[in-house]
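Novice: Sequence and computational prediction follow.
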Amino acid sequence: MIYTVTFNPAIDYVVQVDDLTIGEVNRTTYEQMYYGGKGINVSTVLRNLDIDSIALGFVAGFTGSTMEKGVKEQGVTADFIRLEEGMTRINVKIKSGKETEINGQGPTITPTALEELFEKINKISDGDILVLAGSIPTTMPDDIYENIMARVESKQVKVVVDATKDLLMNVLKFHPFLIKPNNHELGEMFGVTLKTDEEITYYAKELQKKGAQNVLISMAGEGAILIDERGKFYKIGVPKGKVLNSVGAGDSMVAGFIAGYLRWSDYGMALRLGTAAGSATAFSKGLASGEFVQELLAEI
């Protein structure tokens, strides 16, 4: 089974405002609600690719109830922990020329609720896949990812980590199966600006030296680079299309990579499907549909 963890799920309220004017009343020309957070996005795209997973995380308040209902309607099996206080956050995404985001804080996760999550993590078995994605709330310990990975270290569990900076660097000692920083995040981790494939490859291999097995570097419109566990280099471009949405494209790439690896046991094909899934989301108003992913896969 695949498990995804989202510490701070969100209802994304996406609105289109043709000409946003600060300080005035603005009216939308399009609006839509999406139920996600990075791990939930991975679970949703996996479901669209006909692969089951269980989404773990925390919800609270009436918005938490709406989140549970929305995720279920997306076909995702969730095993959320309900918090007694606060509310699941709402993120407002305003599309008007440039994208503007207003992200909510989310509820406080108590030590008791965190122990409930650990109990669920402890039940993960050999052969399972665990996806840890995104930042963590400020109310949580900084070493939460390390704590989780330590709990499955003795098991044959493939851990995928999509995080940045110290949150990612500190878990490399646990030898995650896959990490997916983008090229800018990779440079930030080493205090450099990366301009060439050779520079990106060099620092990707530095992450491998620190413990990562497979390093996938997304580069937006420039495609992606993968250094697999054997040290093999892959580079792939992206299909042609109009970018409509930046939310969830990286999560979709992670989902596609996992789906491709499970389907073909081949890193090259996993990279192709991951790129197709990420592009399908970028070219859609919401997360990638399975049909669109397959359509783009044929073009790559």
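Specialist: Received it, and whenever you're ready, just let me know what you need.
Novice: For the rest of this, base every contact and every neighbour count on C-alpha atoms.
Specialist: Fine.
Novice: buried sites along stretch 161-169?
Specialist: The neighbour-count check on stretch 161-169 (16 or more other C-alpha atoms under 10 Å) flags 161-164, 167-168 as buried.
Novice: Please look at Thr88 and Pro107 and confirm they touch.
Specialist: Yes. Counting by C-alpha atoms under 8 Å, Pro107 is a contact partner of Thr88 at 6.2 Å.
Novice: And the buried residues of stretch 161-169, which is closest to Gln32?
Specialist: Asp162 (25.9 Å; C-alpha to C-alpha).
Novice: what ranges do the strands span in the stretch 201-300 of the chain?
Specialist: For the stretch 201-300 of the chain, strands defined by DSSP state E, counting those that start in this stretch occupy the ranges 214-218, 224-227, 233-236.
Novice: Out of those strands, which is closest to Gln208?
Specialist: Closest among the strands of the stretch 201-300 of the chain, once you apply C-alpha to C-alpha, is strand 214-218, at 7.2 Å.
Novice: who touches that closest one?
Specialist: 176-183, 186, 204-205, 207-208, 224-229, 250 (C-alpha atoms under 8 Å, 6 or more residues apart in numbering).
Novice: to the chain's geometric centre, what's the distance from it?
Specialist: Distance, stretch centre to chain centre, for strand 214-218: 13 Å (C-alpha atoms, centre = their mean, to the nearest Å).
Novice: Would you indicate which residues of it are buried?
Specialist: 214-218.
Novice: Specify which member of those is nearest to Arg27.
Specialist: When the buried residues of strand 214-218 are ranked by distance to Arg27 (C-alpha to C-alpha), Ser218 comes first, at 35.1 Å.
Novice: mind putting the strands of the stretch 201-300 of the chain in CSV, mean pLDDT included?
Specialist: Listed next are the strands of the stretch 201-300 of the chain as CSV, based on pLDDT from 0 to 100:
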stretch, mean pLDDT
strand 214-218, 97
strand 224-227, 98
strand 233-236, 97
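Novice: Give me the more crowded residue out of Thr88 and Pro107.
Specialist: Using other C-alpha atoms under 10 Å as the criterion, Thr88 and Pro107 rank with Thr88 on top: 27 against 22.
Novice: So for the more buried one, what pLDDT did the model give?
Specialist: We have a pLDDT of 96 for Thr88.
Novice: can you give me the helices in the stretch 151-300 of the chain?
Specialist: 165-169, 183-190, 197-209, 249-264, 267-282, 290-297 (DSSP state H, counting those that start in this stretch).
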